[in-house]
Structures are given as structure tokens and as C-alpha cells.
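Chemist: Provide a 3D model corresponding to the input given below.
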Amino acid sequence: MIDPSWVGAGPKPFTVEVEAGRLRLFNQVLGVREAVFTDPAAARAAGHPDLPVPPTFLFGLELEHPSGQLAELGIDLGQVLHVEQGFVYHRTAHAGERLTFAPVVTDIYTRQGGALEFVVRDTAVTGAGGEPVADLHQVIAVRHGVRDEEGA
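Modeler: Numbering: from 1, shown residues only. Take a look at the predicted model:
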């Protein structure tokens, strides 16, 4: 079982730079064709300082910087299920910005007699001046007592 004293705790915040090339690749993979998301000149013509960050890109940035927090919680990644994610945007982020992510565990609870344990994590994303950019919300489930295909 996960220690409930983790509620309110989080790993050290981390800062990343939003790279234009990564944004273009992300949009290409998703099939985004609007020039405002793929061409800096079109983005500027639309009033943006550079390429705007599409909605779920921030979640991807957070996933690329594992905090090790799940390991600290004693969670076996092989038993984790993605349950829910959500976003609240305060403003559009753009290529070239440095964004800080500050994740915090906001709840831990069990279901099905302890067979499933849920971890809720909320992450505040802020710009270089500390202004709010977005709030990310994620829920994972940890399966207890589930064996892998080899019976281990």
C-alpha cells in the first residue's frame, strides 16, 4: 500500500525549454496542418510571438522528465494504469519559452478492497516570471496482486 503521507508532497520542480522542432514534430505526428502551429511566420502573422504550444504537449513534456516519485512511492511501473488526465490553461505557451513544472500528489485512495490504489497528481506549470500557464491533472491506478503473463 502507498503511504498516504505522500499527499501534499511532490518532487523538486523542473524547468524545460519548449523547442520549436519538437513542436513541429508533435504536430506532424498528430496530423496538425494549420500553418499557425507549423510555420513561425504564420504564427507571428496570427499574433503569436512564436509557434503556439498545442494542448496536450505540456503533458508530454512532463512525462519526459520523470521525477522518480513513483519509485519513491514504492510503485512498480509494470502495475500502473493511466486513468485520467485533464488540463486547465491560463494562457498559451510558445516555442522558446522556459516553463517550470511543479507536481504534487493531491490524493491517494483505494478501491475494490485494496486491489486498486489510485494516485492523483496535479502539476502547476508556470512561465519564466512565475505566471500561471496551465494546471495539469493526472490519475493513475496501481494494480495490487496482479501477476504478469509469465506468472511472476
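Chemist: Look up how far Ala134 lies from Thr100.
Modeler: 11 Å (C-beta to C-beta, to the nearest Å). Where you see a C-beta, it was placed from the backbone N, CA and C, and this is true even at glycine.
Chemist: Identify the contacts common to those two.
Modeler: Residues touching both Thr100 and Ala134 (C-beta atoms under 8 Å, 6 or more residues apart in numbering) are Val125.
Chemist: where does Arg22 land on pLDDT?
Modeler: Arg22 is assigned 92 on the pLDDT scale.
Chemist: what's the one helix or strand it maps to in contact with?
Modeler: Taking DSSP states H and E as the definition, Arg22 sits inside helix 20-30. Counting by C-beta under 8 Å, 6+ apart, helix 20-30 makes contact with Phe37, Thr38, Pro40, Asp50, Leu51, Val53, Pro54, Phe57, Gly60, Ala95, Gly96, all of which sit outside it.
Chemist: for the chain, which spans come out with low pLDDT?
Modeler: 66-68, 146-152 (pLDDT under 70).
Chemist: packing partners for the longest strand along it?
Modeler: For the chain, the strand with the greatest residue count under DSSP state E is strand 98-111. Here strand 98-111 touches strand 14-17, helix 57-63, strand 116-126, going by 3 or more C-beta pairs under 8 Å, 6 or more residues apart in numbering; DSSP states H and E.
Chemist: Give me whichever of the ones you listed is most buried.
Modeler: strand 116-126 (a mean of 20; mean count of other C-beta atoms under 10 Å).
Chemist: Quick check: next helix or strand after it?
Modeler: strand 132-143.
Chemist: which residue is nearest the middle of the chain?
Modeler: The residue lying closest to the centre of the chain (C-alpha atoms, centre = their mean) is Phe59, at 3.0 Å.
Chemist: which residues touch it?
Modeler: Gln85, Phe87, Leu136, Gln138.
Chemist: Most neighbours among those residues, which one is it?
Modeler: Leu136 (21 neighbours; other C-beta atoms under 10 Å).
Chemist: re the thing from before, from the contacts of helix 20-30, which single one is nearest Val80?
Modeler: Gly60 (17.2 Å; C-beta to C-beta).
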